[in-house]
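# sequence first, predicted coordinates after that:
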Amino acid sequence: MLDSLITSKTRIKLLVKFFSSEGNVGYLRGLAEEFQESTNSVRVELNRLSEAGLLTSGENGKTKLYRANETHPFYRELRNMVSKFLGLDQLVEQIVLRMGPVEKAYVVGDYARGIDSGTIEMILVGRALDLEYLDFLANKTYEKIQRKVSVTVTEQDPEEVEGFLVYGV
């Protein structure tokens, strides 16, 4: 979806990085290494997104750090578009509707850090969840969105999660 609207692969990677979850930050050289792109192509796209007001930047010593502008009027819409692009919206909806009494669902791992690695890692919190359906769902999700799903199920809410909550309170 995003790749048909936005022709720059680097811009798509930046949008996924900064709008897949709150608080993601990056700097030019680190982003270029992470994306395996030239610093020039990353710089051009960072400048375009900054000029549009979608990214903000600040200095950390000699390093210029970028992050999503959460006050931009399109921030929520972009977060939703990136979520749909990654397939998280469909995945969470299917899990919540069919798995049983899911209390919370977290996205962790690479996606939580804004990296589209091809594997979506999740933690589900709930009792008496349908684990057979979970296996089926993981296979179907790969067929639909070409991303592997790795899910950890627990009955207790983890104390600290390095990721973000996508369902529950």
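In hand now; what should we look at?
# could you give the mean pLDDT of stretch 83-93?
Stretch 83-93 shows a mean pLDDT of 73.
# which other residues reach that stretch?
Outside of stretch 83-93, the residues within contact range by C-beta atoms under 8 Å, 6 or more residues apart in numbering are 1-2, 12, 16, 20, 80, 105, 107, 111, 116, 120, 122, 137, 141, 144-145, 147, 149, 166-167. Heads up, the C-betas are built off the backbone N, CA and C, glycines and all.
# quick one: stretch 14-26 to chain centroid distance?
What separates the centre of stretch 14-26 from the centre of its chain is 7 Å, taken as C-alpha atoms, centre = their mean, to the nearest Å.
# secondary structure class for F18?
helix (DSSP: H, G, I helix; E, B strand; the rest coil).
# and what of V151?
Going by three-state DSSP: V151 is strand.
# now do stretch 155-166: distance from first to last residue.
Stretch 155-166 stretches 17 Å from its first residue to its last (C-alpha to C-alpha, to the nearest Å).
# distance between that stretch and the chain's centre?
Counting by C-alpha atoms, centre = their mean, stretch 155-166 comes out at 16 Å from the chain centroid.
# stretch 117-135 now?
Worked out by C-alpha atoms, centre = their mean, stretch 117-135 lies 17 Å from the chain centre.
# measure it end to end?
20 Å.
# try stretch 108-123
Note: stretch 108-123 ends 7 Å apart using C-alpha to C-alpha.
# state the mean pLDDT of it.
On average, stretch 108-123 scores 83.
# which parts of that stretch are buried?
Within stretch 108-123, the residues that qualify as buried by neighbour count (16 or more other C-beta atoms under 10 Å) are V108, G109, Y111, A112, R113, G114, I115, D116, I120, E121, M122, I123.
# now, among those residues, which is nearest to N24?
N24 lies nearest to G114 out of the buried residues of stretch 108-123, by C-beta to C-beta, at 4.3 Å.
# and the closest one, how far from N139?
G114 is 26 Å from N139, where distance means C-beta to C-beta, to the nearest Å.
# alpha carbons only: can I get the helix or strand encompassing L91 in CSV?
Using DSSP states H and E, L91 maps to helix 88-98. Extracted in CSV, the C-alpha atoms of helix 88-98 (Å, rounded to 0.1, in the frame of the first residue of the first chain):
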residue,chain,number,x,y,z
LEU,A,88,-0.5,-5.2,12.5
ASP,A,89,-4.1,-4.0,12.4
GLN,A,90,-5.3,-7.2,10.7
LEU,A,91,-3.2,-9.4,13.0
VAL,A,92,-4.4,-7.8,16.2
GLU,A,93,-8.0,-7.8,15.1
GLN,A,94,-7.9,-11.5,14.2
ILE,A,95,-6.2,-12.4,17.5
VAL,A,96,-8.6,-10.5,19.6
LEU,A,97,-11.7,-11.8,17.8
ARG,A,98,-10.7,-15.5,17.7
